[in-house]
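Enquirer: here are the coordinates; sequence isn't available:
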């Protein structure tokens, strides 16, 4: 089955790579219309997945990532339409230059080819990733988790129907219809057909794909994100920022998981901050100094500092200074999103320069690490590695370049 899916995707990618911007934008508009047209069927399929997840005892923060409603379906459609407004990266001439011998060298942006994505929960990824791949000229193979199989198939069928109506082959988008892990492992080995594999999900999924895949992998998603409150921070604003970063959607990879606080403001800031967290239903775990200031806090373990909770849980540590905060983050962070709250430009600049992460913030919530929030359009994932893309990956990051060389009978001497 996987072999046949991959062959179809490879053939489809050749057709899509030659499609005009107008054809791709028409396909995206049709895909958006189809999502709305089949909204009832999509929501019915999603209800089956949600009921099954709750029966298994899946925690509510993760249920939130699985649930679709009419508003979220409309958002999926609008995101597809939004892609039509972005410049087409394919066939863009990145730059040209002329050599002393008269040869003209240039770089042309081209699709990657076939993109495979292995993901958990969030069924909106099916639509979002498909739209990004159509716009960037790539075929896509989607292998979602068992928790969202009904939703993913319903969304995939709607999108494929829309492609056929546009005159493009429906095999540009393919959803693997089974959730057995052996099929995912087969997908990881299809180097002959798949150009890049993108895992989206928890740390275990990403680790498994990286270790088992022979296809090149872009690591995404795991977010043990920190906010550091300096001694000169606006503490009232800090409370609001921390609550937003932790509580708005705790099951997302850009949600805050750890709070670091300078020792000089810990006594003043932490009691108020911890009360606000508890009022918002957050379980607080803290270092020894934090527990001394707020006895109702649960003592944190060494394991806590490296854990991505994806839940209403936070770890708090009091630190000596900025250097200790930076060292702690670089040791335990997952290179996703980190933030400093300070009034001092030089401290912020030091933090931005020395923190090893895809997105580094000054006086802002980590929740902004998102393709749409960055003005890039939808995203296929947030890369936490350094090659070939880092941070939110939109259409430009789903392309590569090739050189073109213009001569006039040139021969190398």
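Expert: Nice, thanks for sending it over. Because the structure is a prediction, the values reported are computed rather than measured.
Enquirer: okay, CA-based contacts and neighbour counts for the rest of this
Expert: Noted.
Enquirer: Going by neighbour count, list what's buried in stretch 334-354.
Expert: For stretch 334-354, the buried set under the neighbour-count rule, 16 or more other CA atoms under 10 Å, comprises 334-342, 347-348, 351-352.
Enquirer: now do stretch 23-42
Expert: Buried residues in stretch 23-42, counting neighbours by 16+ other CA under 10 Å, are found at 23-36, 38-39, 41-42.
Enquirer: What of stretch 245-262?
Expert: By 16+ other CA under 10 Å, the buried positions in stretch 245-262 come out as 245-247, 249-262.
Enquirer: same check, this time on stretch 45-64
Expert: Buried residues in stretch 45-64, counted by 16+ other CA under 10 Å: 45-47, 49-50, 53, 61-64.
Enquirer: got the residues you listed as JSON lines, with secondary structure, pLDDT and distance to residue 11 columns?
Expert: Shown next, in JSON lines, are those (DSSP: H, G, I helix; E, B strand; the rest coil; pLDDT from 0 to 100; distance: CA to CA, whole Å):
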{"residue": "45", "secondary structure": "helix", "pLDDT": "98", "distance to residue 11": "30"}
{"residue": "46", "secondary structure": "helix", "pLDDT": "97", "distance to residue 11": "31"}
{"residue": "47", "secondary structure": "helix", "pLDDT": "97", "distance to residue 11": "35"}
{"residue": "49", "secondary structure": "helix", "pLDDT": "96", "distance to residue 11": "32"}
{"residue": "50", "secondary structure": "helix", "pLDDT": "96", "distance to residue 11": "35"}
{"residue": "53", "secondary structure": "helix", "pLDDT": "93", "distance to residue 11": "36"}
{"residue": "61", "secondary structure": "helix", "pLDDT": "75", "distance to residue 11": "39"}
{"residue": "62", "secondary structure": "helix", "pLDDT": "80", "distance to residue 11": "36"}
{"residue": "63", "secondary structure": "helix", "pLDDT": "90", "distance to residue 11": "37"}
{"residue": "64", "secondary structure": "helix", "pLDDT": "87", "distance to residue 11": "37"}
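Enquirer: Show residues contacting the helix or strand harbouring residue 130.
Expert: Under the criterion of DSSP states H and E, residue 130 resides in helix 124-135. Helix 124-135 is contacted from outside by 16, 21, 24-25, 27-28, 73, 76, 79-80, 83-84, 88, 115, 139-140, 142, 152, 155-156, 159, 172-173, 378-380, 394-395, 398, using CA atoms under 8 Å, 6 or more residues apart in numbering.
Enquirer: hmm, 7 Å instead?
Expert: Residues outside helix 124-135 that contact it (CA atoms under 7 Å, 6 or more residues apart in numbering) are 24, 28, 76, 80, 88, 139-140, 142, 152, 155-156, 173, 378, 380, 394-395.
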